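1. Sequence first, then the predicted structure, then my questions.
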Amino acid sequence: MKESSRPAPARRTLLDRLFRVGLVLKALDGVLELAGGTLLLFVSPAQIGTFVGLITQHELSEDPHDLIANALRHLATGLDVSATLFAAIYLLAHGVVKVVLVWAVLRDRLWAYPWLIGFLLAFISYQVYEMTVRFSWGMLLLTLFDAVMVALTWREYRLHRQRLAQ
């Protein structure tokens, strides 16, 4: 029997699989941010208000005190062109950074690991600031997820550097 010239695939640990799943989730989040940012560039605040009114109308007719529907309506009425443009630019920049860095890490580009860690730490800092202004369980969970991704990315980076040194 002829042996394959390819090296045996490395055994994947639970942490390796968690890292890959986390990266895929970050990539999907980045793609959604790109889609949302692009949409905000082409949709006016008035159109957003009309859309939110349509999607919350039924819920508010059944429960006029619905927390989520009322919060959406409140947010939509507070939108103006500059807020929408800021949100679009923020989402587009955030999405591009995530997609590019996740793609590079998945392609084992060593330079991308420190950049991903740095951007995740910047996102975490901003999220912590936001939670001091207004606490949110969703923001807390996102921050914890990002912190786990920092730890897993650091672990993978160290492993890649060790393999290259051998």
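-> Structure's in. What do you need?

2. Quick check: pLDDT value at the residue nearest to the spatial centre of the chain.
-> With distances taken as CA atoms, centre = their mean, the residue of the chain nearest its centroid is Asp29 (4.1 Å). What the model reports for Asp29 is a pLDDT of 94.

3. mind listing what it touches?
-> Taking CB atoms under 8 Å, 6 or more residues apart in numbering, we find Asp29 in contact with Lys98. For glycine as for every other residue, the C-beta is placed from the backbone atoms N, C-alpha and C.

4. where's it, which helix or strand?
-> In this assignment (DSSP states H and E), Asp29 forms part of helix 14-42.

5. Equivalent analysis for Tyr126, please.
-> Residue-wise, Tyr126 maps onto helix 112-133 under DSSP H and E.

6. Quick one: distance of the very next helix or strand once past that helix to the chain centre.
-> As assigned by DSSP H and E, the chain's next helix or strand after helix 112-133 is helix 137-165. Helix 137-165 sits 14 Å away from the centroid of its parent chain (CA atoms, centre = their mean, to the nearest Å).

7. What angle do helix 112-133 and helix 137-165 make with each other?
-> Counting by axes from the mean of the first three to the mean of the last three CA atoms, to 10 degrees, helix 137-165 lies at 160 degrees to helix 112-133.

8. returning to what we had before: show me which residues of the helix or strand just after the helix holding Asp29 are buried.
-> As assigned by DSSP H and E, the chain's next helix or strand after helix 14-42 is helix 45-62. Across helix 45-62, burial judged by 16 or more other CB atoms under 10 Å covers 45, 48-49, 52, 56.

9. Likewise for stretch 90-103?
-> Going by neighbour count (16+ other CB under 10 Å), the buried part of stretch 90-103 is 91-92, 94-95, 97-99, 101-102.

10. quick one: contacts of it?
-> With CB under 8 Å, 6+ apart, stretch 90-103 has contacts from 23-24, 26-27, 29-34, 36-38, 40-41, 112, 115-116, 119, 123.

11. rerun at 10 Å
-> By CB atoms under 10 Å, 6 or more residues apart in numbering, the residues outside stretch 90-103 that reach it are 22-41, 109, 111-113, 115-120, 122-123, 149, 153.

12. which residues sit against stretch 143-161?
-> Contacts of stretch 143-161 (CB under 10 Å, 6+ apart): 10, 15-16, 18-23, 25-26, 29, 101-102, 105, 108-110, 112-128, 130-131, 136.
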